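Engineer: Need a 3D model of the following:
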Amino acid sequence: MKTRKSPSQKYRHMPHVAWRRVEEESVLLNVDTSEYYSLDPVGTQVWERLGKGEDAERIAASLAGDYGVPAARAAADVRALISDLLREKLIHPAD
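Structural biologist: From the prediction side, this is the model:
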């Protein structure tokens, strides 16, 4: 059974992930697997805000306002990115 993530769940960057912002984008390196990932400007904002302890709901609301997109679309996009980051073991739920 798949559990649904709470929109108020907070996440943290995994300790084995090194990353750098390069202008408006980010490059992430999983030092355990040597796999690189890149994030576009919006993905970079989500990544940085997750690292600061913001929850998905707050991040999505802010992005919706900043970019003038419907709140439901922003929330779905943030959830999708979080799912990808979790699957790749780049973030983990905060305790």
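Engineer: What ranges does the chain have for its helices?
Structural biologist: Chain-ordered helices for the chain, with DSSP state H as the definition, fall at 41-51, 56-67, 71-87.
Engineer: Setting aside sequence neighbours, what's the nearest residue to A75?
Structural biologist: A60 (4.2 Å; Cβ to Cβ, 6 or more residues apart in numbering). In short, each C-beta sits where N, CA and C put it, glycine included.
Engineer: what residues are up against the one you found?
Structural biologist: Shown in contact with A60 (Cβ atoms under 8 Å, 6 or more residues apart in numbering): 7, 71, 74-75, 77-79.
Engineer: which of the helices of the chain sits most buried?
Structural biologist: When neighbours are counted by mean count of other Cβ atoms under 10 Å, the highest per-stretch mean among the helices of the chain falls to helix 41-51, a mean of 19.
Engineer: Output the below-cut-off pLDDT ranges for this structure.
Structural biologist: Within the chain, the set of residues satisfying pLDDT under 70 comprises 1-7.
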